[in-house]
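A.B. asks: let me see the structure of the following:
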Amino acid sequence: MACVALADGAGSRARSEVGAEVVVRAMLRMLSAQFDEVYSLCGDDLYAARAHIHKHLLELLDRAAASHRCATDDLASTLLFVAHKAGRYLAGHIGDGVIAQLDAEGAPVTLSYPYNGEFANSTVFVTDPSALDKFRLFHGESDPNLIGFVLMSDGCAESLYDKKNGRPATAIAKLLAWNQELSRTKADAILAANLEQSFAKKSSDDCSLALLSIVRHNDGTIPKRPSTVTASR
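C.D. replies: Residues are numbered from 1 along each chain as shown. Predicted coordinates:
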């Protein structure tokens, strides 16, 4: 299995960079250790699955807030994640940013849209009282032709997501191709260059990307190590 997670700290909160790191590390550990349990819980009770994840995140954020001598709300961030295992996927989203996926025909599809509040630049954060109700959690069997997933913060979404039609840009196909075909070092370098030279110039927000590519044998079957992952900021 493989998993990716991305969090964008709230610019208005004092230690949001700490909170972003806490929730990313927590989700990667949980997905790695509990994929089957969470996936099964989603089938039985989706609300209970969301509550299980969110409670765990808040416990770790409370602990981090105590360690840094600040309020838990000071650690506010968004959260996006995807995990893939044996033809099944889990995906979750709190806040803005976009989760996109791509099939073998090169058609980019939005799995989870950005959530914005009453005002254009407002959203919901993991630490907000309404976070559990706004927490989107997806699960299911992945399409046999699925190429991969792309997580993007709202800064990257300004370049890779069309708000008018709610669709990701076709450029995500190239990102996933680089991720699958190039070495990790080279893929990271190309992504970093694009983030700095292209995406960041179109946005004043933080620009972060996380990619998960599904790797298959020539006969279409998924090998024991089915996915490659690249994360870049």
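
A.B. asks: so which bits of the longest helix along the chain are buried?
C.D. replies: When the chain is parsed with DSSP state H, its longest helix is helix 16-44. Neighbour-count burial for helix 16-44, counted by 16 or more other CB atoms under 10 Å, picks out 16, 18-20, 22-24, 26-28, 30-31, 34-35, 38-39, 41-42. C-beta here means a position set from N, CA and C on the backbone, and glycine is covered the same way.

A.B. asks: any stretches of the protein with poor pLDDT?
C.D. replies: Applying pLDDT under 70 to the chain picks out residues 117-121, 200-205, 217-233.

A.B. asks: what segments of it are strands?
C.D. replies: For the chain, the strands defined by DSSP state E occupy 2-6, 79-85, 88-94, 98-103, 108-112, 136-141, 146-152, 161-162, 167-168, 209-214, 227-232.

A.B. asks: who touches the fourth one?
C.D. replies: If I follow you right, that is strand 98-103. 80, 82, 91, 93, 108-114, 143, 145-152, 157, 160-161, 168, 172-173, 176 (CB atoms under 8 Å, 6 or more residues apart in numbering).

A.B. asks: spit out the contact partners of the residue nearest to Gly95 when sequence neighbours are not counted.
C.D. replies: Excluding the flanking residues, the one nearest Gly95 by CB to CB, 6 or more residues apart in numbering is Thr78, at 2.9 Å. Taking CB under 8 Å, 6+ apart as the criterion, Thr78 is in contact with 7-8, 10, 94-97, 123-126, 153.

A.B. asks: go on, Val82?
C.D. replies: Contacts for Val82 (CB under 8 Å, 6+ apart) come out as 3-5, 89-91, 99, 149, 151, 210, 212.

A.B. asks: of those - the most surrounded one?
C.D. replies: Using other CB atoms under 10 Å as the neighbour test, the contacts of Val82 are led by Phe149, with 29 neighbours.
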